[in-house]
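Trainee: fold the following for me, if possible:
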Amino acid sequence: DRSLTNANLATLRELALRYMAQRAERELERIGGLEVVPGPRAGPVLVLLEPGVAGRHAVRRAAVLASLLRVGLMALVPGQRMAGELHRSGDSPTARENLTYATDLGATSAHLAGSDVVVAIVESARNRRSGHLVLGQRSVSDGWRPWATPLVGRLLRADPGLEVHLAAELAAQPVAPRGG
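Mentor: Sure, this is the predicted structure:
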């Protein structure tokens, strides 16, 4: 039979192992009294959809990461009340163009609700068991400290298990290496 290729058998084995692991976890939770260590977050790689070149880089970086991890890709679309915190007017490409780009790369999308982007992202990541979030970073300079940005810091405090990846917008001019 042509459907019993090595690749198909390996995929079936992986699916069976995931199913049995989830079943065992549910059984332990049902028994109660036993502390169950949460399983790894094997959900999709999330990318916060932003306008501009940094948003485009973030989508591309998220797609590569999802491919390497062999998981899905999901674009998180901020609601209108969050737009002021994340977007600058006049950005090109627009957030809509970046959503189309993400969809072309195989992403599904989810709309974030509420006014607090951090709460919405963390809730979305937990609901989807996602352990990776890719964000666009607009500026790179000598004093750039990505962990000090308010959004990244708030995300890391709200969900320490979420790995936040920053995809920097490339500077117009290459930065010369330091030192001699």
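Trainee: all strands for the chain, in order.
Mentor: With DSSP state E as the criterion, the chain has strands at 45-48, 73-77, 108-111, 132-137, 163-168.
Trainee: neighbouring strands of the second one in the sheet, and parallel or not?
Mentor: The one in question is strand 73-77. Pairing partners of strand 73-77, with direction, according to DSSP bridges: strand 45-48 (parallel), strand 108-111 (parallel).
Trainee: how far is stretch 117-134 from where the chain is centred?
Mentor: Its chain's average C-alpha position is 8 Å from that of stretch 117-134, according to Cα atoms, centre = their mean, to the nearest Å.
Trainee: quick one: contacts of that stretch?
Mentor: Contacting residues not belonging to stretch 117-134 are listed as 39-48, 58-59, 61-62, 65, 69, 74, 76, 78-79, 82, 85-86, 110, 112-114, 151, 154-155, 158-159, 161-167 [Cβ atoms under 8 Å, 6 or more residues apart in numbering]. The C-beta positions use only the backbone N, C-alpha and C, and glycine is treated the same way.
Trainee: residue contacts, the closest residue to H111 other than its chain neighbours?
Mentor: Once flanking residues are discounted, H111 sits nearest to V77: 4.8 Å by Cβ to Cβ, 6 or more residues apart in numbering. Residues near V77 by Cβ under 8 Å, 6+ apart: L49, A95, L99, S109, A110, H111, L112.
Trainee: select only the buried ones of those residues in PyMOL?
Mentor: Buried residues within the contacts of V77, by 16 or more other Cβ atoms under 10 Å, are selected in PyMOL with:
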select buried, resi 49+95+99+110+112
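Trainee: need the max-distance pair from the contacts of V77.
Mentor: Largest separation among the contacts of V77 by Cβ to Cβ: A95 and A110, giving 14.2 Å.
Trainee: mind naming the longest helix for the chain?
Mentor: helix 6-31 (DSSP state H).
Trainee: out of the contacts of stretch 117-134, which are buried?
Mentor: Judged by 16+ other Cβ under 10 Å, buried ones among the contacts of stretch 117-134: 41-48, 58-59, 61-62, 65, 74, 76, 78, 82, 86, 110, 112, 151, 154-155, 158-159, 162-167.
Trainee: which one is A95 nearest to, not counting chain neighbours?
Mentor: Distances taken as Cβ to Cβ, 6+ apart put P51 closest to A95, at 4.3 Å, once the chain neighbours are dropped.
Trainee: so the one you found makes contact with L99?
Mentor: No: if you go by Cβ atoms under 8 Å, P51 and L99 don't touch, sitting 9.9 Å apart.
Trainee: output the lowest mean pLDDT helix or strand found in the chain.
Mentor: The least trusted helix or strand in the chain, going by mean pLDDT, DSSP states H and E, turns out to be helix 80-86, with a mean of 52.
Trainee: sounds good, over and out.
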